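**Q** here is a sequence together with a model predicted from it:
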Amino acid sequence: MAAETPASALVASARNSAWVSGQPGLASEVERWARARRFRDAALDERARAWASPGPPSLSRLARHALAVPAGQVRWAVRRLPGAMLDGLLYRDPPEELLRTVTAGWLRDHFEALGPSGAEIARLVEQSEGIAPGFLVDRLRKEPLVPPPIPAAEVWRLLDRAFPGQVLEVADEPFTVSLLSQLHPATLSDGRRVLFRVARPGVRGDLMRDLRLAATLLGPAELVPRLRAVQPLSVLRSTARQAIEHTDLRNDALNSVELGLLLEERPAGGLTILRPVPEFAAKQAVAFEFPEGAVPLAEGLGRAAAKAAVPGLLTLVVEGALADGVFHADLRPEHLLVLPDGSLALAGCSAVGRLDRRLRLAFLDYITALFGGDFAGQADALARLGAVPGAPDPAALAALEEDLRSAPELAPLRLMRHGEEAGPVLREIAVRHGLRLPSQLLQWMRALLTYRALTRHLVPDMPFVQALLPLLPRLAEINRRLRQDTVV
């Protein structure tokens, strides 16, 4: 008997799901969506590699970048420099501090001048803590970029093209605005109220051209050992794969079903996923059920039961990855709504990631060894993750073990109390030993960063390690089940 694929498992689960059956016609629609995505995904890796490989840059996009550099510098000078001079910045701060301040300012405005694609790149930079300069990450967190909304007339044109004659009314003002899309309340021609996610026109092409330009510029970085350790081209290809998925909203519909089934199996309370509406999923727009009384997170954060939603978010990003091999790869505050009872609802999922069983077992062993103070076990698990280059010999693993053991930040008690201190230490060890994570794990590491950013936004006083604590008691059971499945 052939092994069950993720797509066939999803279709079977949807047929037996009470959550799916709550939206008439959704179960049969899932089968059609899954079949269509199999064709799209067949060439996904090839397309991502093409997007993020060095090659001739687009002349028009290159010109946009060339204009954005001085525009960013001038905009920063006009906005910030007079105030900085009045504050005495030029006279009191050390020259290197001034240079960092100026560079972060004009780079941030350079991204802004590039439009939605630049804003998305800035978001990826913000998530690349430890790779991107800290002063730039800090500036982007303090002054996030949000492009202006798509004009209402353009939204109408997009929806009419995708679903001709089927949309009766669309709110002129968007519910939420994100870098790649926006959410609009609407009424269908049969009277149903829905929420339409609409993609920004042209952003897909701009992302492709910007990623190719970045790959051309970063290609030589692979020759520098310290830069090679952060895998710039691998990170770009992972980013390209995600960008391709993000800019095709048909994926939002099927991803939402897959994650909805995950939450149905592991109900956490405090978080629900909105179901997609059958027959309303196209590349440029997708419809979700409309939850009456819901407001955007930015508007309802003060009354949101944010801490109650953390276990559900943890299921989508961490527990789902380890137990089921699937995770939400792109959590964004703009995709969250606050319901009348204070719980949160997730409207769409641009991309999911997957971890195979081998990686999950090795990572679980690594986490168990990390919090158990077993440094030899950590080195062995990193080797089985494929992070240690080549065929690691005992001497190389012993040297890695010794470096892990000699870092006080990796002591179990300190990890529990000050877990974020471990990040820079692990990155330094990774550089020293040339550790390189496989692309699946790179995508998950990025998802963990988005999870950390979101929990920081929802519950500012909750340390990152504390946001992971609800899962720790379940790791042993997840590990046992995975090994049992492997034996079977």
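**A** Done, it's in.
**Q** state the mean pLDDT of stretch 156-171.
**A** When pLDDT is averaged along stretch 156-171, the result is 94.
**Q** revised request: answer the last question for stretch 338-353.
**A** 92.
**Q** tell me the SS of the one residue sitting closest to the centre of the chain?
**A** The chain has Asp330 as the residue nearest its centroid, 2.9 Å off, counting by C-alpha atoms, centre = their mean. At Asp330, secondary structure determined by DSSP: H, G, I helix; E, B strand; the rest coil is coil.
**Q** where exactly do the strands run in the stretch 51-200 of the chain?
**A** 167-170, 176-177, 181-188, 193-199 (DSSP state E, counting those that start in this stretch).
**Q** likewise the stretch 351-488 of the chain?
**A** Counting by DSSP E, counting those that start in this stretch, the strands of the stretch 351-488 of the chain are 352-354.
**Q** pLDDT weak spots in it?
**A** For the stretch 351-488 of the chain, applying pLDDT under 70 flags the ranges 391, 416-421, 464-466, 486-488.
**Q** quick one: contacts for Ser181?
**A** Contacts for Ser181 (C-beta atoms under 8 Å, 6 or more residues apart in numbering) come out as 197-200, 249. Where C-beta positions appear, they are placed from N, C-alpha and C, glycine not excepted.
**Q** export those residues to TSV and tack on distance to Ala447 and pLDDT?
**A** Shown next, in TSV, are the contacts of Ser181 (distance: C-beta to C-beta, whole Å; pLDDT from 0 to 100):
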residue	distance to Ala447	pLDDT
Arg197	20	95
Val198	24	95
Ala199	21	92
Arg200	22	89
Leu249	19	92
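**Q** identify, from those, the entry nearest to Gly302.
**A** Arg197 (24.9 Å; C-beta to C-beta).
**Q** what pairs with the closest one across the strands?
**A** Leu183, Val286 (DSSP bridges).
**Q** next up, the contacts around it.
**A** Counting by C-beta under 8 Å, 6+ apart, the residues that Arg197 touches are 181-183, 249, 252, 285-288, 347-348.
**Q** go again with 10 Å.
**A** 174-176, 178, 180-184, 249, 252-253, 276, 281, 284-288, 335, 347-348, 350 (C-beta atoms under 10 Å, 6 or more residues apart in numbering).
**Q** I'd like to know how far the residue lying closest to Leu301 once chain neighbours are set aside sits from Gly269.
**A** Once flanking residues are discounted, Leu301 sits nearest to Val338: 7.1 Å by C-beta to C-beta, 6 or more residues apart in numbering. Using C-beta to C-beta, to the nearest Å, Val338 is found at 15 Å from Gly269.
**Q** looking at these two, which one has more neighbours?
**A** The neighbour comparison of Val338 against Gly269 (other C-beta atoms under 10 Å) goes to Val338, with 25 against 12.
**Q** quick one, what contacts that one?
**A** 291, 293-306, 309, 344-345.
**Q** beta-bridge partners for it, please?
**A** Val295, Leu344.
**Q** any quick PyMOL command for the buried ones out of the contacts of Val338?
**A** Typed into PyMOL, the line below selects the buried ones among the contacts of Val338, using 16 or more other C-beta atoms under 10 Å:
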select buried, resi 291+294+295+296+297+300+301+304+305+306+309+344+345
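**Q** so which of the contacts of Val338 are in strands?
**A** In strands, defined here by DSSP state E, the members of the contacts of Val338 are 295-296, 344-345.
**Q** quick one: which of these is nearest Thr315?
**A** Leu344 (13.0 Å).
**Q** list the contacts for the closest one?
**A** 270-273, 294, 297, 300-301, 304-306, 308-310, 312-313, 335-338, 458.
**Q** over to Val203?
**A** Contacts of Val203 by C-beta under 10 Å, 6+ apart are 115-117, 119-120, 147, 179-181, 243, 246-247.
**Q** next: Leu359.
**A** 321-322, 325, 384-386, 437-438, 440-441, 444.
**Q** out of these, which are inside helices?
**A** 384, 440-441, 444 (DSSP state H).
**Q** what ranges do the helices span in the stretch 251-400 of the chain?
**A** With helices called from DSSP state H, counting those that start in this stretch, the stretch 251-400 of the chain shows them at 297-300, 306-314, 357-372, 375-384, 394-405.
**Q** what's the spacing between the second one and its chain's center?
**A** On the basis of C-alpha atoms, centre = their mean, to the nearest Å, helix 306-314 sits 17 Å off its chain's mean C-alpha point.
**Q** domain-wise, how is this protein divided?
**A** 6-43, 355-487 (automatic domain parsing).
**Q** and the first one, what's buried?
**A** Taking 16+ other C-beta under 10 Å as the basis for neighbour counts, the residues of domain 6-43 that come out buried are 7, 9-11, 13-14, 17, 19-20, 23, 26-27, 29-31, 33-34, 37.
**Q** next one: stretch 398-410
**A** For stretch 398-410, by 16+ other C-beta under 10 Å, it's 400-401, 403-404, 407, 410.
**Q** so the residue nearest to the centre of the chain makes contact with Leu449?
**A** No: contact between Asp330 and Leu449 fails when scored by C-beta atoms under 10 Å: they sit 11.1 Å apart.
**Q** which residues are in contact with each of those two?
**A** With C-beta under 10 Å, 6+ apart as the test, Asp330 and Leu449 reach no residue in common.
**Q** can you lay out the ones in strands among the contacts of Val338 as TSV showing distance to Ser234?
**A** Conversion of these to TSV gives the following (distance: C-beta to C-beta, whole Å):
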residue	distance to Ser234
Val295	40
Pro296	35
Leu344	33
Ala345	34
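**Q** just give me the closest of those to Glu428.
**A** Leu344 (36.6 Å).
**Q** quick one: that closest one from Leu336, how far?
**A** 5 Å.
**Q** ok, now Leu355?
**A** Taken as C-beta to C-beta, the span from Leu355 to Leu336 is 24 Å.
**Q** more neighbours, the two?
**A** Between Leu355 and Leu336, counted using other C-beta under 10 Å, the more crowded position is Leu336 (26 against 22).
**Q** with adjacent residues omitted, what lies nearest to the more buried one?
**A** Nearest one to Leu336, counting by C-beta to C-beta, 6+ apart, is Leu297 at 4.3 Å.
**Q** measure the one you found to Phe288 for me?
**A** 15 Å.
**Q** just Arg141 next, same as before
**A** On the measure of C-beta to C-beta, Arg141 and Phe288 end up 29 Å apart.
**Q** try Ala34
**A** Counting by C-beta to C-beta - Ala34 and Phe288 are separated by 18 Å.
**Q** now Asp252
**A** Taken as C-beta to C-beta, the span from Asp252 to Phe288 is 8 Å.
**Q** need the residues touching each of these two.
**A** Joint contacts of Asp252 and Phe288 (C-beta under 10 Å, 6+ apart) are 197, 276, 281, 347-348.
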